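Student: Sequence plus the predicted model coming up.
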Amino acid sequence: MKKFNITVNGNSYEVEIEEVKGGAAPVAAAPAPVAAPAPKAAAPAPKAAPAPAAAPAGASTIAAPMPGKIVKVIATVGQAVNAGDVVLILEAMKMQNEITAPAAGTVQAINVEAGQSVKVGESMVVLG
């Protein structure tokens, strides 16, 4: 048996390791914490995102196709867009993706702002 002192994330542990020759055998490790870490202060609550506008009847929603961060909102509320027009830019995995309108319509609501993080399926723009 060999004894080692190991420190993980500021906690020290004393471990015993048995050297095995030939076949596999169970290894017993008895962690013994030396000192308990001090509790950390609570982080301030994050700023709440604006509540997404509900899509009215006959309207379509542009949802986030992947998690990422909104880099730029190009369209404005009340603007007429055609199918394929870029309405905003979403950055994911260090690549900027143009999010386009799936169909022609008028921008009814924009539920995101530049710098905001979005999750998959989150409503970003409502077209009417």
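Tutor: Here it is on my side, so go on. Keep in mind that what you see is a predicted model, and the values were worked out from it rather than measured.
Student: And for the closest residue to residue 59 other than its chain neighbours, the neighbour number?
Tutor: Nearest residue to residue 59 in three dimensions, chain neighbours excluded: residue 128, at 4.4 Å (Cβ to Cβ, 6 or more residues apart in numbering). In this view, the C-beta of every residue, glycine as well, is placed from N, C-alpha and C. Residue 128 has 13 neighbouring residues, counting by other Cβ atoms under 10 Å.
Student: 554 is where my numbering starts, stick with that
Tutor: Taking 554 as the first residue, the last one we looked at is residue 681.
Student: and residue 681, what pLDDT?
Tutor: According to the per-residue confidence, residue 681 scores 88 in pLDDT.
Student: Next one: it from residue 666, what distance?
Tutor: Taking Cβ to Cβ, to the nearest Å as the criterion, residue 681 is separated from residue 666 by 20 Å.
Student: what do you get for residue 680?
Tutor: In this structure, residue 680 and residue 666 are 18 Å apart, going by Cβ to Cβ.
Student: quick one: which of the two has more around it?
Tutor: Neighbour totals were compared for residue 680 and residue 666, and residue 680 leads with 22 against 11 (other Cβ under 10 Å).
Student: And for residue 555, the neighbour number?
Tutor: Neighbour tally, residue 555, other Cβ under 10 Å: 8.
Student: what do you get for the one 4 residues further on?
Tutor: A count of neighbours around residue 559, defined by other Cβ under 10 Å, yields 11.
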